[in-house]
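Engineer: I need the structure of the sequence given here:
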Amino acid sequence: MDLFEHQARELFDSYGVLVPPAEVARTAPEARAAAARLGGRVVVKGQVKTGGRGKAGGVKMAADPAAAELTARQILGMAIKGHMARSVMLAQPVEVAEEYYVSYALDRACGTFLAIASAEGGMDIEDVAAARPDAVARIPIDPGEGVTEAVARRIADAAHLPADVVPTLRALWRVMAAEDALLVEVNPLVRTADGVIVALDGKVTLDDNARYRQGRWGVGEEYGNGHPGGGALGEAEGAGRAGGVGGAGEVSADVLERTAAAKGLNYVKLDGEVGVIGNGAGLVMSTLDVVAGCGARPANFLDIGGGASAQVMADGLTVVLADPAVRSVLVNVFGGITACDAVAHGIVAALERVRLTKPLVVRLDGNNAERGRAVLDEYPHPLLHRADTMDAAAKRAAELAANVGA
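Structural biologist: Predicted coordinates:
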């Protein structure tokens, strides 16, 4: 579960990491009032759970409260990488002398945590890492030891950070450990003109598996995925009704992910145009790779798990097709305990409930695959396509997506 920047900053502040004074506004008049309270000149930042806001025009300086109101009006409602800015954060600007990059992340491959740091932070940190890997230090962190004074100094030395960053490195680790985070990132962490270390931006991803022991998570719509029956569900379903499922109405990634969670689906919004539905995380991940290998980009990850009933399939299609970026959908199912003919009947029943407006490619394999394929072959829907192999299905979905976008 990703936090908005203002939530990450609130966490940082509670653990002793310095952040500039800031307020959140949901309307342009609120932004004007907040700017006045913050001293007039402010940075206006769209609140979306993705990077690249600055390059997309979602971060701007405003010279006074009137300019802050105008700027907020421009940013509110802006779509940035599929995420809609429904609020803005206004922060007091600081005079920056140096910019650094610091993050802690879970390294699943090694079964430990990783500190990543650089003395060259800022918007171009990805370019720095690609062009000069030696400018970015990567230090394994033992979860049992954590970031002690000695470990923090080792991180600072490896990344060529000044010694006075060490207390901030330790504080950010406390956020990571105490909040059950998978990622804590600050870019940029800056030294101001008067020598103070301040976090100007923040990204925090929390581990959903630890929700049961993190009481404040999920309180209010802003905290991530919401709950069944919450406002997010109504938002996405309302968008589907207004424009037809798969229509052009703007639906943010946050709303789609909350809606899927409310329906008990494992869904992650991506940046592509081929919607992907499968049963089992491994199969879905493989499908994403095959789609990419066919020259298309996956629009999402959606794992329906072991069930493929009509309701589950209808819920999955509703969520995937509610994304206006989707141009085709690929359903890739391997029948095990659930037989393919039962899956096929579920798909047919789902198509009676869901208004299909984009091509749908289905690949069935495994238990009772031939029966399942026959069920689909007998169903006369002009947008339904079937393929026998995963490669063929991915290729067909990619071709159909290209044609829809042409």
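
Engineer: got the end-to-end distance for stretch 353-369?
Structural biologist: Its first and final residues considered, stretch 353-369 spans 24 Å by C-alpha to C-alpha, to the nearest Å.

Engineer: mean confidence for it?
Structural biologist: Averaged over stretch 353-369, pLDDT sits at 92.

Engineer: what's the spacing between that stretch and its chain's center?
Structural biologist: The chain centroid and the centroid of stretch 353-369 are separated by 26 Å under C-alpha atoms, centre = their mean, to the nearest Å.

Engineer: Now do the buried residues in that stretch.
Structural biologist: 354, 356-369 (16 or more other C-beta atoms under 10 Å). Any C-beta I mention is one placed from the backbone N, CA and C, and that applies to glycine too.

Engineer: So which of the residues you listed sit within helices?
Structural biologist: Applying DSSP state H to these, the entries found in helices are Ala369.

Engineer: Need the max-distance pair from the buried residues of stretch 353-369.
Structural biologist: Thr357 and Asn367 (31.0 Å; C-beta to C-beta).

Engineer: Val348: which of the buried residues of stretch 353-369 is nearest?
Structural biologist: Val362 (10.2 Å).

Engineer: Which residue, neighbours along the chain excluded, lies closest to the closest one?
Structural biologist: Val331 (4.6 Å; C-beta to C-beta, 6 or more residues apart in numbering).

Engineer: which residues in the stretch 251-400 of the chain form helices?
Structural biologist: Assigned by DSSP state H, counting those that start in this stretch, the stretch 251-400 of the chain shows helices spanning 253-262, 281-293, 310-321, 340-353, 369-377, 390-405.

Engineer: Is it correct that Leu317 is in contact with Asp323?
Structural biologist: No - Leu317 is beyond contact range of Asp323, at 11.2 Å (criterion: C-beta atoms under 8 Å).

Engineer: what residues does stretch 102-118 touch?
Structural biologist: 100-101, 121, 125, 128-129, 135-143, 147, 155-156, 158-159, 161, 165, 168-169, 172-173, 176, 181-187, 189 (C-beta atoms under 8 Å, 6 or more residues apart in numbering).

Engineer: Let's see the PyMOL selection covering just the buried ones among the residues you listed.
Structural biologist: Entered in PyMOL, the line below selects the buried ones among the contacts of stretch 102-118, by 16+ other C-beta under 10 Å:
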select buried, resi 100+101+121+125+128+129+136+137+138+139+141+147+155+156+159+161+165+168+169+172+173+176+181+182+184+185+186+187+189
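
Engineer: What ranges does the stretch 51-200 of the chain have for its strands?
Structural biologist: 59-62, 79-80, 83-84, 88-91, 96-107, 112-118, 136-141, 181-192, 197-199 (DSSP state E, counting those that start in this stretch).

Engineer: Export these to a markdown table and append columns for distance to Arg258 and mean pLDDT.
Structural biologist: Compiled in a markdown table, those are given as follows (distance: least, C-beta to C-beta, whole Å; pLDDT from 0 to 100):
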| stretch | distance to Arg258 | mean pLDDT |
| --- | --- | --- |
| strand 59-62 | 25 | 96 |
| strand 79-80 | 17 | 86 |
| strand 83-84 | 12 | 84 |
| strand 88-91 | 20 | 97 |
| strand 96-107 | 23 | 93 |
| strand 112-118 | 28 | 92 |
| strand 136-141 | 32 | 92 |
| strand 181-192 | 19 | 94 |
| strand 197-199 | 27 | 97 |
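
Engineer: Leaving out sequence neighbours, find the closest residue to Val43.
Structural biologist: Counting by C-beta to C-beta, 6+ apart, the residue nearest Val43 is Ala91, at 4.9 Å.

Engineer: low pLDDT regions in this structure?
Structural biologist: 123, 215-254, 306-308, 405-406 (pLDDT under 70).

Engineer: Show me the domain layout of this protein.
Structural biologist: Listed by automatic domain parsing, the domain ranges of the chain are 21-91, 96-213, 231-405.

Engineer: Pipe these into a markdown table and attach distance to His6 per row.
Structural biologist: Listed next are the domains of the chain as a markdown table, based on distance: least, C-beta to C-beta, whole Å:
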| stretch | distance to His6 |
| --- | --- |
| domain 21-91 | 5 |
| domain 96-213 | 9 |
| domain 231-405 | 14 |
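
Engineer: Of all the ones you listed, which one comes closest to Gln7?
Structural biologist: domain 96-213 (7.3 Å).

Engineer: how long is that closest one from one end to the other?
Structural biologist: 38 Å.

Engineer: how far out from the middle of the chain is it?
Structural biologist: In terms of C-alpha atoms, centre = their mean, the centre of domain 96-213 is found 20 Å from the chain centre.

Engineer: Helices along the stretch 1-150 of the chain, start to end?
Structural biologist: 5-14, 28-37, 53-56, 65-75, 125-131, 149-159.

Engineer: which parts of the first one are buried?
Structural biologist: So that's helix 5-14. Applying 16+ other C-beta under 10 Å to helix 5-14 flags 5-12 as buried.

Engineer: for the fourth one, same thing?
Structural biologist: Counting neighbours by 16+ other C-beta under 10 Å, one finds that the buried residues in helix 65-75 are 65, 67-69, 71-72, 74-75.

Engineer: How about the shortest one?
Structural biologist: In terms of neighbour count (16+ other C-beta under 10 Å), helix 53-56 has its buried residues at 53, 56.

Engineer: who touches that helix?
Structural biologist: 45-46, 59, 78, 80-81, 123.

Engineer: And for the second one?
Structural biologist: Residues lying outside helix 28-37 but in contact with it, judged by C-beta under 8 Å, 6+ apart, are 23-25, 41-42, 44, 62, 64-66, 68-73, 76, 88, 90.

Engineer: show me the contacts for the residue nearest to Arg297 when sequence neighbours are not counted.
Structural biologist: Distance criterion C-beta to C-beta, 6+ apart; nearest residue to Arg297, sequence neighbours excluded, is Gly272 at 2.7 Å. By C-beta under 8 Å, 6+ apart, Gly272 lies in contact with 291, 296-300, 325.

Engineer: Would you mind checking those for buried ones?
Structural biologist: Buried among the contacts of Gly272 (16+ other C-beta under 10 Å): 291, 296, 298-300, 325.
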